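J.: A structural model of the following input is requested.
(2 chains)
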Protein chains: 2
Amino acid sequence: MQTLSYLRPVLASRVTSQSLAELEREMLAIVSTGDAFDSLAPCQAVAAASYHLGSGGQRVRARLALHAGSCLSLTAKDAMTLAAACELLHNASLVHDDIHDRDTHRRGQPSVWYKFGDEIAICAGDLMLSASYLCLSQFGRVAKLPELFALMHARVASAVRGQCVDLKRPRRSVLSIDEYKKIAVAKSGALLSLPTELALLAAGHSHALGLARQAAESFAIGYQIYDDLQDVEKDAARNLQKNEKSNSNTSACNIVLILQADSAYSRPRDEAKKIGLQHLLQAASSSTKLPARVGEAIHTMAMALHEKLRIQE
Amino acid sequence: MQTLSYLRPVLASRVTSQSLAELEREMLAIVSTGDAFDSLAPCQAVAAASYHLGSGGQRVRARLALHAGSCLSLTAKDAMTLAAACELLHNASLVHDDIHDRDTHRRGQPSVWYKFGDEIAICAGDLMLSASYLCLSQFGRVAKLPELFALMHARVASAVRGQCVDLKRPRRSVLSIDEYKKIAVAKSGALLSLPTELALLAAGHSHALGLARQAAESFAIGYQIYDDLQDVEKDAARNLQKNEKSNSNTSACNIVLILQADSAYSRPRDEAKKIGLQHLLQAASSSTKLPARVGEAIHTMAMALHEKLRIQE
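T.: A predicted model of the protein is given here:
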């Protein structure tokens, strides 16, 4: 999932620029929380994590948490805690994913592994992952902590699983659409639904978690398809290169290429678009059922993306 | 820190084989805690983490937590929670450290990255790191959770810092003995003191954390020196190979080689041994000041190692 830049205005309503600035300070402070006892040189992993956080990003997951926190009357501090925890977790996963994918750039600047080396990138991701749990532990009502932690770990496990399945697909295999969706759901849906789920759980709406997850998962599939439609040529070229190198026949995880490989679909682009639009409508529909207008953010995101996808050539 | 096998009998007194078997089950269960919602293929990261945990290890950190928990009258379940959390954390760090160090074997079998590849090894380490926090969140008295989490993250940050300093030393530099000790303390001392510190904190003895840390840090330095004395030839050869390759002049982080590089020391092996023996006596001395005989385990470990180091050729 590359950039959700079009969402910035969409999510602006309940999230002030002041609280976003506070979020940045909060995240930087928490990754720098070291033990001051020793006087070793400045930690390269802290420098790398700070560099990565300083590269921007839309903070969509933080915005979703802040929005949901506001709807559900969490204190501003608690909403910020959930927001920073989710955003740190997401960014930890980006730093480690970029190592796997050998992506040299992220948000227009050299990726962490490319700038600092694989080893420091592994350490920086570990530090941010650990910091996200530290952050969550600062949630105000301690009685809620065990549930919140269990939820967060479950979503981490799901994201790890998605990443592994994507990495280790059998070489010969062409993905089915069903497998494609499951990978998108595990890789992106898990960490995208977490902010809303944590806020709902914190506010005592555990019955609504399934709906929040459905909405985020459908959105994640729709977004992945939108992204794939933009990257068809790039992915096809990368595929070719990979297959020449390894003498294998792997299809990239791009829905258009998957549909192309299946003779049943004569117009793979149109078919992909249709599936994407369906899922975005499903996301919008699920989100309206969430309590306290929590789903408004996802609904607006889904409908804005639906429009972008609809008019996409 | 390679193996602490001589400690098995030392730590047997308060830790039954039954509770160690339970520890193994507990750890395997917690890394397998996924979200069962999807029917993707079995997760390779879970398989890799289970493989790594199945390779054995002395479980020294778990034993220290179980011992301290028993001395401090924590419930058996709470002591087990702390033990499993520390051990999962330590093993997560081993899996990621082996990637950095390109160590192909661990505990007599192929290391995780060597068997499963770097990518799955990164995922497996992430999963175990996250699982260690999940595990800690199951501690019975929720009011203690924020403190316990803060402590755990501080020790993770310290271990990450030690790893980074070791990785990124300036090429030209010869370490000073002081820097050498700080690296040993950060890399090994942090996760070695954590089990005792968590138990003390959980039982309301926060005033004793500094002592527990001193004891573990002195032990870590003594152990590192013991280890270095066994590895002098290997490290010297590795150094040579590295320096030829990179045309640099880095001293390995081996105390004997560091002392050799300094003309002030005519008998570096003896000097190293002397420093090691001093630190082990310091560890033993600090440990006796810990409340409720908590320090007995570290004391016995330190004195047993003192004897081994003393008679070492």
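
J.: chain center to the helix or strand hosting A:Ser218, what's the gap?
T.: Taking DSSP states H and E as the definition, A:Ser218 sits inside helix A:209-246. How far helix A:209-246 lies from its chain's middle: 13 Å, per CA atoms, centre = their mean, to the nearest Å.

J.: do the same with stretch A:166-183
T.: Relative to the centre of its chain, stretch A:166-183 is centred 19 Å away, using CA atoms, centre = their mean.

J.: hang on, isn't A:Leu74 packed against A:Leu200?
T.: No - counting by CB atoms under 8 Å, A:Leu74 does not reach A:Leu200; the two are 10.3 Å apart. Quick note: C-beta positions are derived from backbone N, CA and C, even for glycine.

J.: quick one: the strands in the stretch 101-250 of chain A?
T.: Using DSSP state E, counting those that start in this stretch, the strands of the stretch 101-250 of chain A run over A:105-106, A:109-110.

J.: Could you tell me the least trusted of those strands?
T.: Of all the strands of the stretch 101-250 of chain A, strand A:105-106 carries the lowest average pLDDT, namely a mean of 90.

J.: Residues contacting that strand from elsewhere in the structure, which ones?
T.: The contact list for strand A:105-106, computed with CB atoms under 8 Å, 6 or more residues apart in numbering or on different chains, reads A:His52, A:Ser55, A:Leu94, A:Asp98, A:Ser111, A:Val112, A:Tyr114.

J.: Now do the contacts for A:Ala124.
T.: Here A:Ala124 is in contact with A:Ala45, A:Val46, A:Ala48, A:Ala49, A:His52, A:Val95, A:Val112, A:Phe116 (CB under 8 Å, 6+ apart).

J.: what's in contact with the host helix or strand of the fifth one?
T.: Assigning secondary structure by DSSP H and E places A:His52 in helix A:44-53. Outside helix A:44-53, the residues within contact range by CB under 8 Å, 6+ apart are A:24, A:27-28, A:31-32, A:34, A:91, A:94-95, A:106, A:112, A:115-116, A:120-121, A:123-124, A:126-128, A:131, B:160-161, B:163-165, B:167-168.

J.: Mind checking which of those residues are buried?
T.: Among the contacts of helix A:44-53, the ones that count as buried by 16 or more other CB atoms under 10 Å in any protein chain shown are A:24, A:27, A:31-32, A:34, A:91, A:94-95, A:106, A:112, A:115-116, A:120-121, A:123-124, A:126-128, A:131, B:160-161, B:163-165, B:167-168.

J.: Which ones among those residues lie within helices?
T.: A:24, A:27, A:31-32, A:91, A:94-95, A:112, A:115-116, A:120-121, A:123-124, A:126-128, A:131, B:160-161, B:163-165, B:167 (DSSP state H).

J.: What's the nearest residue in the stretch 201-313 of chain A when you look at chain B?
T.: Proximity of the stretch 201-313 of chain A to chain B (CB to the nearest CB) peaks at A:Arg213, 8.3 Å away.

J.: wait, that residue sits on A:Pro195?
T.: No - contact status for A:Arg213 versus A:Pro195: not in contact, 11.7 Å apart, counting by CB under 8 Å.

J.: So those two - more neighbours on which side?
T.: Set A:Arg213 next to A:Pro195 and count neighbours by other CB atoms under 10 Å in any protein chain shown: A:Pro195 wins out with 30 against 22.

J.: re the thing from before, and B:His207, which of the strands of the stretch 101-250 of chain A is closest to it?
T.: Nearest of the strands of the stretch 101-250 of chain A to B:His207, taken as CB to CB: strand A:105-106 at 45.2 Å.

J.: so A:Lys144 touches A:Ala202, yeah?
T.: Yes - A:Lys144 lies in contact with A:Ala202 (CB under 8 Å); the separation is 5.6 Å.

J.: and the two? which has more neighbours close in?
T.: A:Ala202 (26 against 17).

J.: Quickly note the distance from that one to A:Val142.
T.: Separation of A:Ala202 from A:Val142 (CB to CB, to the nearest Å) stands at 12 Å.

J.: ok, now A:Ala215?
T.: A:Ala215 sits 29 Å away from A:Val142 when distances are taken as CB to CB.

J.: and what of A:Val15?
T.: Taking CB to CB, one finds A:Val15 at 26 Å from A:Val142.

J.: Give the residue spans of chain A that score low on pLDDT.
T.: A:1-14, A:34-41, A:170-173, A:242-252 (pLDDT under 70).

J.: can you list the domains in it?
T.: Recorded structural domains for chain A (assignment: automatic domain parsing) are A:1-140, A:141-313.

J.: Let's have those domains in JSON lines, adding distance to B:Gly222.
T.: Formatted as JSON lines, the domains of chain A follow (distance: least, CB to CB, whole Å):
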{"stretch": "domain A:1-140", "distance to B:Gly222": "18"}
{"stretch": "domain A:141-313", "distance to B:Gly222": "36"}
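
J.: can you tell which of these is closest to B:Pro268?
T.: Minimum separation from B:Pro268 across those (CB to CB) falls at domain A:1-140, 23.8 Å.

J.: follow-up on the earlier one: any idea which of the contacts of strand A:105-106 is closest to chain B?
T.: Closest to chain B out of the contacts of strand A:105-106 is A:Asp98 (11.0 Å), distances taken as CB to the nearest CB.

J.: how far away is that closest one from A:His105?
T.: Distance from A:Asp98 to A:His105, by CB to CB: 9 Å.

J.: Compare the two (neighbour count), which wins?
T.: Neighbour count, other CB under 10 Å: between A:Asp98 and A:His105, A:Asp98 has more, with 20 against 12.

J.: right, and the more buried one touches A:Phe116 too?
T.: No - counting by CB under 8 Å, no contact exists between A:Asp98 and A:Phe116, whose distance comes to 11.2 Å.

J.: which one of A:Val15 and A:Val142 has more residues nearby?
T.: A:Val15 (23 against 15).

J.: what about that one, is that helix, strand or coil?
T.: Counting by DSSP: H, G, I helix; E, B strand; the rest coil, the backbone at A:Val15 sits in coil.

J.: Identify the residues contacting it.
T.: Counted by CB under 8 Å, 6+ apart, A:Val15 has contacts A:Arg63, A:Leu66, A:His67, A:Ser70.

J.: helices or strands up against the helix or strand harbouring A:Ala62?
T.: Using DSSP H and E, A:Ala62 maps to helix A:60-71. Counting contacts by 3 or more CB pairs under 8 Å, 6 or more residues apart in numbering or on different chains; DSSP states H and E, helix A:60-71 packs against helix A:17-32, helix A:76-101, helix A:190-202, helix A:296-310.

J.: Put the alpha carbons of it into CSV.
T.: What follows is helix A:60-71, C-alpha atoms only, in CSV (Å, rounded to 0.1, in the frame of the first residue of the first chain):
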residue,chain,number,x,y,z
VAL,A,60,-3.9,7.5,7.9
ARG,A,61,-3.9,5.0,10.7
ALA,A,62,-3.3,7.7,13.3
ARG,A,63,-6.1,9.8,11.8
LEU,A,64,-8.5,6.8,11.9
ALA,A,65,-7.7,6.3,15.6
LEU,A,66,-8.0,10.0,16.4
HIS,A,67,-11.3,10.2,14.5
ALA,A,68,-12.7,7.1,16.3
GLY,A,69,-11.4,8.3,19.6
SER,A,70,-13.2,11.6,19.2
CYS,A,71,-16.5,9.9,18.1
